[in-house]
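Colleague: build me a model from this:
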Amino acid sequence: MTSVVNVGTDLLADALADQAVEVTRVDWRPPMEGTEADLATVAADPRRPAANAQALAAMLEVTATLVDVAPASELLGLQRGEFLHAGPPIEWARASGPLRGALMGGAALEGLVGDPEDAVALFESGDSVSLEPCHHRSAVGPMAGVVTPSMWLWVLEDAATGRRTYCSLNEGLGKVLRYGAYGPDVLTRLRWLGDVLGPLLQAAVRTVRDQAGPVDVTGILTQMLQMGDEAHNRNRAGTLMLLRDLSPAMVLCSEGAGFSPDDVAEALRFIGGNDHFFLNLAMPACKLALDAARDTPGSTMVVAMARNGTDFGIQTAGTGDEWFTGPAQLADGLFLGDYGPDDANPDIGDSAITETAGIGGFAMATAPAIVRFVGGSVPDALATTRRMHEITLGANPRWSVPVLEFQGTPTGIDVTKVCRTGILPQINTGMAGKLAGVGQVGAGLVTPPVEIFPRALARLAELAR
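Modeller: Reported below is the predicted structural model:
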């Protein structure tokens with residue numbers, strides 16, 4: 001019997017198969033245009049194989065534990081007028097609507113202005129205010145990612161090295177600051193997070209840490225992937241496991257810490273009713289792991305993907321803190337109420353750190369129900385996880401996919417593989433309204449802009465020469 005190997009388009013393969021010819025199909029794609037010379041240079045770099053193995057191993061060795069909750073002013077030295085935000089660096093003049101809205105609300109929260117609307121003039125002048133990426137302070141922020149001095153942050157620590165990362169407390173969905181909303185209800189909720197929930201969580205986290213050892217966040221991530229979560233847009237199991245670990249201490253330590261039974265009940269109700277609450281622990285856990293791979297000369301592994309609503313940026317293990325940026329893309333997905341594509345802002349947030357670490361959109365096969373929130377189908381979710389293996393350095397044995405015979409999630413995005421195959425990382429994301437003050441308008445699927453990977457590759461090639 002005649003056998004044929006078909007590379008690329010299926011037209012010939014289909015015709016031969018119709019004639020009962022045995023066809024082996026090879027899914028080959030040409031490299032991204034203009035990357036051939038840089039791919040050859042980086043491929044010839046003798047450091048690359050060992051460097052990538054080292055970067056991946058360093059990432060996989062990290063165990064993230066929850067050790068504290070405290071204000072950003074105390075943890076990060078954030079001063080009055082200093083604001084952190086998601087994504088690569090940006091100035092007010094180029095800031096998107098949701099980022100502007102979150103900054104305006106943050107200014108009102110800190111008492112810099114009486115009315116959020118008055119903050120526009122403050123940021124336009126640039127007097128007594130500054131903007132800096134969360135990533136530059138070992139932190140991450142979902143969506144707009146705005147962090148102000150009075151906001152309380154989770155503190156995650158690598159048990160082996162003592163390195164730490166940080167993230168704000170999750171506000172819930174809808175009209176919330178991270179989606180650019182800044183109305184009175186948003187500010188009231190933020191003040192409650194600072195006055196009640198943050199201090200109560202601090203007391204509980206410290207009690208658990210001192211009596212039984214810190215909560216193993218990496219361990220919760222391992223379990224939740226077995227329970228239908230993908231740890232970006234679906235965190236139900238993770239949130240409930242965190243509540244399981246902290247709620248007894250919240251109840252027992254509340255009286256000595258000055259909290260009433262009503263305070264505790266409200267806090268438990270808020271966390272239990274907020275399926276996304278654990279996201280703000282998953283994100284710094286992923287950053288903690290990826291930061292272990294930073295500054296590995298010769299490595300082509302991506303250690304951060306982040307968006308500020310205007311730009312999408314990546315960083316790699318072999319290029320230090322340099323950002324490679326392109327325009328943030330509009331997500332394709334499902335919309336809330338009467339909202340539609342014209343209402344949505346381009347992609348925003350540091351939460352793509354989950355995909356960078358091999359979960360979120362890379363682990364869609366663990367959470368087929370996610371398609372009801374972000375769009376697509378169950379076969380799409382399975383195919384996405386399989387496809388992401390084509391652009392990664394390995395698999396994470398801790399984070400496995402039951403429906404794929406417990407194969408580890410695809411981990412360690414490789415710039416060279418992205419450029420060689422043309423396959424872009426898949427991200428699950430929420431969608432913010434493009435106008436300041438609107439809030440969330442939907443959720444969907446998005447990929448980075450194509451051009452940022454050739455830009456990173458060109459820099460890696462320059463360093464390899």
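Colleague: could you use CA atoms for every contact and neighbour count after this?
Modeller: Fine.
Colleague: a helix runs through residue 199, doesn't it?
Modeller: Yes - assignment of residue 199 by DSSP: H, G, I helix; E, B strand; the rest coil places it within a helix.
Colleague: which residues touch it?
Modeller: For residue 199, the contacting residues are 69-70, by Cα atoms under 8 Å, 6 or more residues apart in numbering.
Colleague: for residue 449, give its distance to residue 423.
Modeller: With distances taken as Cα to Cα, to the nearest Å, residue 449 is found 11 Å from residue 423.
Colleague: actually, residue 342.
Modeller: As judged by Cα to Cα, residue 342 and residue 423 stand 27 Å apart.
Colleague: which one's more surrounded, these two?
Modeller: residue 423 (18 against 9; other Cα atoms under 10 Å).
Colleague: and the gap between the spatially closest residue to that one that is not a sequence neighbour and residue 419?
Modeller: What sits nearest to residue 423 in space, not counting adjacent residues and going by Cα to Cα, 6 or more residues apart in numbering, is residue 391, at 7.0 Å. Per Cα to Cα, residue 391 is found 9 Å from residue 419.
Colleague: show me which of the two is the more surrounded one.
Modeller: Neighbours of residue 391 and residue 419, each counted by other Cα under 10 Å, are more numerous for residue 419; the result is 27 against 23.
Colleague: contacting residues around the more buried one?
Modeller: 31-32, 35, 39, 453-454, 457.
Colleague: and residue 459, how many neighbours does it have?
Modeller: Neighbour tally, residue 459, other Cα under 10 Å: 17.
Colleague: and it, what element?
Modeller: Element membership of residue 459 [criterion: DSSP states H and E] is helix 452-464.
Colleague: packing partners of that helix?
Modeller: helix 36-43, strand 311-316, strand 324-327, helix 415-421 (3 or more Cα pairs under 8 Å, 6 or more residues apart in numbering; DSSP states H and E).
Colleague: give me the contacts around it.
Modeller: Residues contacting helix 452-464 (Cα under 8 Å, 6+ apart): 32, 35, 38-39, 41-42, 45, 298, 300, 313-316, 318-319, 324-326, 415-416, 418-419.
Colleague: can I get it in PDB, CA atoms only?
Modeller: Taking C-alpha atoms only, helix 452-464 is exported to PDB below (Å, rounded to 0.1, in the frame of the first residue of the first chain):
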ATOM      1  CA  ILE A 452       6.200  41.200  20.400                       C
ATOM      2  CA  PHE A 453       7.700  37.800  20.000                       C
ATOM      3  CA  PRO A 454      10.000  38.600  17.000                       C
ATOM      4  CA  ARG A 455      11.000  41.700  19.000                       C
ATOM      5  CA  ALA A 456      12.000  39.600  22.000                       C
ATOM      6  CA  LEU A 457      13.700  37.100  19.600                       C
ATOM      7  CA  ALA A 458      15.800  39.900  18.000                       C
ATOM      8  CA  ARG A 459      17.100  41.100  21.400                       C
ATOM      9  CA  LEU A 460      17.900  37.500  22.300                       C
ATOM     10  CA  ALA A 461      19.800  37.100  19.000                       C
ATOM     11  CA  GLU A 462      21.700  40.300  19.700                       C
ATOM     12  CA  LEU A 463      22.800  39.000  23.100                       C
ATOM     13  CA  ALA A 464      23.800  35.600  21.600                       C
END
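Colleague: and that helix, what's buried?
Modeller: For helix 452-464, a neighbour-count test (16 or more other Cα atoms under 10 Å) marks 452-461, 464 as buried.
Colleague: how about the helices in the stretch 151-300 of the chain?
Modeller: Ranges of helices within the stretch 151-300 of the chain are 184-192, 198-212, 217-225, 236-254, 261-272, 279-291, based on DSSP state H, counting those that start in this stretch.
Colleague: could you pull up the mean pLDDT of the first one?
Modeller: Throughout helix 184-192, pLDDT has a mean value of 98.
Colleague: how far off centre is it?
Modeller: 24 Å (Cα atoms, centre = their mean, to the nearest Å).
Colleague: try the fourth one
Modeller: Between the centre of helix 236-254 and the centre of its host chain there is 23 Å, according to Cα atoms, centre = their mean.
Colleague: hmm, who's touching that helix?
Modeller: The contact list for helix 236-254 (Cα under 8 Å, 6+ apart) reads 200-201, 203-205, 207-208, 215, 220-221, 223-224, 227-229, 231, 260-261, 264, 268, 271-272, 274-278.
Colleague: that one: which residues count as buried?
Modeller: Within helix 236-254, the residues that count as buried by 16+ other Cα under 10 Å are 236-243, 245-247, 249-251, 253-254.
Colleague: show me which of those is closest to residue 114.
Modeller: Of all these, residue 114 sits closest to residue 254, with 32.7 Å by Cα to Cα.
Colleague: where in the stretch 1-150 of the chain is pLDDT low?
Modeller: 1-21, 23-28 (pLDDT under 70).
Colleague: show me where it has its helices.
Modeller: Counting by DSSP H, counting those that start in this stretch, the helices of the stretch 1-150 of the chain are 11-18, 36-43, 48-60, 72-76, 97-109, 119-125.
Colleague: how much does the fifth one deviate in direction from helix 184-192?
Modeller: Using axes from the mean of the first three to the mean of the last three Cα atoms, to 10 degrees, the inter-axis angle of helix 97-109 relative to helix 184-192 is 60 degrees.
Colleague: which residues touch the longest strand seen in the chain?
Modeller: In terms of residue count, the longest strand belonging to the chain (DSSP state E) is strand 392-401. With Cα under 8 Å, 6+ apart as the test, strand 392-401 has contacts from 52, 56, 60, 221-222, 225-226, 301, 358, 363, 365-366, 389, 406-414, 417.
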